[in-house]
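Here is a sequence together with a model predicted from it:
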Amino acid sequence: MSDDWDNLRAVLHVVRAGSLGAAAQVLGVNYTTVSRRIAAAERSLGARLFDRRQSGYVPTAAGQEAARHAERMEAEEIAMRRALSGRDDRLAGPLTITASELLIAIHLCRVIDRFLTDHPQVELTVRSTNEVLDLTNHEADLAVRISADPGDTLVGRRLTGQHTASFASADLAARMAAEPARRIDWIGFTYWKSPPVASLKRYGNARIRLQFDDMNAVVGATQAGLGVARMPMFLGRATPGLVQVPMLPPQRYHDIWALSHRDLKDAAKVRAFRDALVQYFKENAAAFSA
């Protein structure tokens, strides 16, 4: 049965990903293993699941049908594993959390250090990403997210509110203070249409000089003195070389949440890490707000 399921998973992921190579990457095996598993599935089911073309493997109607059934089987397996994990009362074994890189680097590493010191038998994996991982599909056990609306499909605990403000390099801040009429160069994101509206009443002589699609790039350009940037206060305060400047008064920003699937909310490891987060953010609330 295990081999049959491995073979069907290969079929499912080739249909999903569109190629043997992409499916192999997801499954953590090589290209030839995926090809071999598909051939085994076809022999077992007595049907041709893919047309082998020069452009790649194209699923037949039978292949699409097999993938639909395999997807339901996968969902049941994930639900079973999630339910069993939710019953786990051990403070030992694997635990996966996810959060943004910047939040991990500045704050969560301290929580992680304290947590692993208190619970040395937990095998912690940290997925550092700005992507929203699917907790229903058990891509992580617990997520720390900055969100205006974490939704109602997950169990959430609000950790803290926060503010954004404007920051610049110390040299640029000094030059702007010495030249009040100086034009304000903003570093923004690709979706910005203008400098922040709340800044324009007092600092109307402004332009967007640079736009990025990544906060790390915004931080680097700000450190280099290329302009003023809006960023969460926890980030601007912790970044070497940056100082808060008055171009934008502190603005309310999305809350920070600890989220998990409701099946996992009472699992011992998830509960312990959530408790560690709550304690840390309570102790350090001032870092996030004006």
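Yes, it's here. Numbering: from 1, shown residues only.

Remind me what the helix-or-strand element of the chain with minimal mean pLDDT packs against, helices and strands.
In the chain, the helix or strand scored least confidently by mean pLDDT, DSSP states H and E is helix 61-86, which has a mean of 81. Other elements packing on helix 61-86 under the criterion 3 or more C-beta pairs under 8 Å, 6 or more residues apart in numbering; DSSP states H and E are helix 2-17, helix 31-45. For glycine as for every other residue, the C-beta is placed from the backbone atoms N, C-alpha and C.

ok, then the element right after that helix?
Counting by DSSP states H and E, the next helix or strand C-terminal to helix 61-86 is strand 93-99.

So which of the helices and strands packed on helix 61-86 has the densest surroundings on average?
helix 2-17 (a mean of 19; mean count of other C-beta atoms under 10 Å).

got the angle between that helix and helix 61-86?
Using axes from the mean of the first three to the mean of the last three C-alpha atoms, to 10 degrees, the inter-axis angle of helix 2-17 relative to helix 61-86 is 110 degrees.

one step back: between the least confident helix or strand of the chain and strand 93-99, how many degrees?
Inter-element angle recorded for helix 61-86 and strand 93-99: 110 degrees (by the same axes, to 10 degrees).

how deep is Ile184 tucked in, by neighbour count?
Ile184 has 22 neighbouring residues, counting by other C-beta atoms under 10 Å.

Report the beta-bridge partners for it.
Beta bridges link Ile184 to Ala206, judged by DSSP bridges.

how near is it to Pro94?
Ile184 is 49 Å from Pro94, where distance means C-beta to C-beta, to the nearest Å.

Strands of the protein, start to end?
For the chain, applying DSSP state E gives strands covering 50-53, 56-59, 93-99, 122-128, 142-147, 155-169, 184-189, 206-212, 228-232, 242-245, 251-260.
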